[in-house]
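Asker: quick one: sequence and predicted model below, then my questions.
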Amino acid sequence: MKRPSFARRFRASHLGVAGAVGMLILYFAAFLAPVLSPYPPQEQNLQAGYTAPGEDHLLGTDKFGRDILSRVLHGSRISLSIGFVAVALSISLGTIIGMLAGYFRGWVDTILMRTVDVLLSFPRLILLLAVIALFRPSIYLLVVMLGVTGWMGTARIVRGEVLSLREREFVLAARALGFSTPRILFRHILPNILAPVIVAATLNIGNTILLEASLSFLGLGVQPPAASWGSVINDGREALTHAWWIATFPGLAILFTVICFNLVGDGLRDALDPRLER
């Protein structure tokens, strides 16, 4: 019996499809933020400060009279971009390090995996706070730090896959034919470990966006006047009792984003798992 295609298996996961639709809406809104925003995100109108959601400002304004809807839309561009680029960096590092550890084993595996153990022993948020506090906060520093502190889990996953694949017949045949190590790793092993890597990347994007929002909320992420979801929440933390909308709507945007990415990750995991037949 022919096994169902990947697309058919993914469509069978209704929650995964719902998450994918939500992701498309998010990126569509981020791409068209300049068009969809009713006001410039940095435009101030002190006379309209703390305006409740209404006809003129659908999601209200902050203390400077800046439109929350516009800031949430433009903030999505920064938050989603940071999450995507940082995860791409961390996934690349984790994949390369995991392949080297699993393929060479021996002292290479020991050094790399003990390094992973040491880095995992540090709380990631505390490590980020310590490093970013030593430098001037910026978007570029934030992306790099989120990337270089998030590869350890991927490295472990990839190492486990490579330890199994290195003893398969097609890898042994490639060695017997005298293929170089880089060719074996990137042309024969890498395509066979992409499924768990893709799932890990999808799940990590939501976590990275949440971590970026936490750093921006603490003042060590995206710096004002640029808008990110975390910085907008920080703007509203002192006005929760009388201007709840400032922190609530970007918080809901973060919640919706993380749920969508997690649903897609679950759907991809089921669709790419060869042991599952639908």
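Answerer: Nice, thanks for sending it over.
Asker: now the element after the longest helix that the chain contains, going C-ward?
Answerer: Using DSSP state H, we find that the single longest helix of the chain is helix 68-104. Once helix 68-104 ends, the next helix or strand along the chain (criterion: DSSP states H and E) is helix 106-120.
Asker: got the CA positions of that next one in PDB?
Answerer: Taking C-alpha atoms only, helix 106-120 is exported to PDB below (Å, rounded to 0.1, in the frame of the first residue of the first chain):
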ATOM      1  CA  GLY A 106      35.400   9.600  20.200                       C
ATOM      2  CA  TRP A 107      37.100  12.700  21.600                       C
ATOM      3  CA  VAL A 108      35.200  15.000  19.200                       C
ATOM      4  CA  ASP A 109      31.900  13.800  20.500                       C
ATOM      5  CA  THR A 110      33.100  14.000  24.100                       C
ATOM      6  CA  ILE A 111      34.300  17.600  23.900                       C
ATOM      7  CA  LEU A 112      31.200  18.900  22.000                       C
ATOM      8  CA  MET A 113      28.600  17.100  24.100                       C
ATOM      9  CA  ARG A 114      30.300  18.200  27.400                       C
ATOM     10  CA  THR A 115      30.200  21.700  26.100                       C
ATOM     11  CA  VAL A 116      26.500  21.300  25.400                       C
ATOM     12  CA  ASP A 117      26.000  20.000  28.900                       C
ATOM     13  CA  VAL A 118      27.900  23.000  30.400                       C
ATOM     14  CA  LEU A 119      25.900  25.500  28.400                       C
ATOM     15  CA  LEU A 120      22.600  23.800  29.200                       C
END
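Asker: show me what counts as buried in it.
Answerer: Using 16 or more other C-beta atoms under 10 Å as the burial criterion, the residues of helix 106-120 that qualify are 109, 112-113, 116, 119. Using the backbone N, CA and C atoms, a C-beta is placed for each residue, glycine as well.
Asker: stretch 76-86 now?
Answerer: Buried, per 16+ other C-beta under 10 Å, within stretch 76-86: 76-80, 82-86.
Asker: do the same with stretch 219-232
Answerer: For stretch 219-232, by 16+ other C-beta under 10 Å, it's 220-222, 226-232.
Asker: quick one: which of these is nearest to residue 91?
Answerer: residue 221 (20.8 Å; C-beta to C-beta).
Asker: using the three-state scheme, assign that closest one.
Answerer: Assigned by DSSP: H, G, I helix; E, B strand; the rest coil, the conformation of residue 221 is coil.
Asker: got a list of what it touches?
Answerer: Residues in contact with residue 221 (C-beta atoms under 8 Å, 6 or more residues apart in numbering) are 137, 142, 212-215, 228, 230-231.
Asker: what do you get if the cut-off is 10 Å, keeping everything else the same?
Answerer: 78-79, 82, 128, 132, 137-139, 141-142, 146, 211-215, 228-231, 234 (C-beta atoms under 10 Å, 6 or more residues apart in numbering).
Asker: inside helices: which ones of the residues you listed?
Answerer: Among those, the members falling in helices (DSSP H) are 78-79, 82, 128, 132, 139, 141-142, 146, 211-215, 229-231, 234.
Asker: angle of the longest helix of the chain against helix 106-120?
Answerer: Relative orientation of helix 68-104 and helix 106-120, computed by axes from the mean of the first three to the mean of the last three C-alpha atoms, to 10 degrees: 150 degrees.
Asker: would you mark the buried spots in helix 68-104?
Answerer: Buried, per 16+ other C-beta under 10 Å, within helix 68-104: 68-80, 82-87, 89-91, 93-103.
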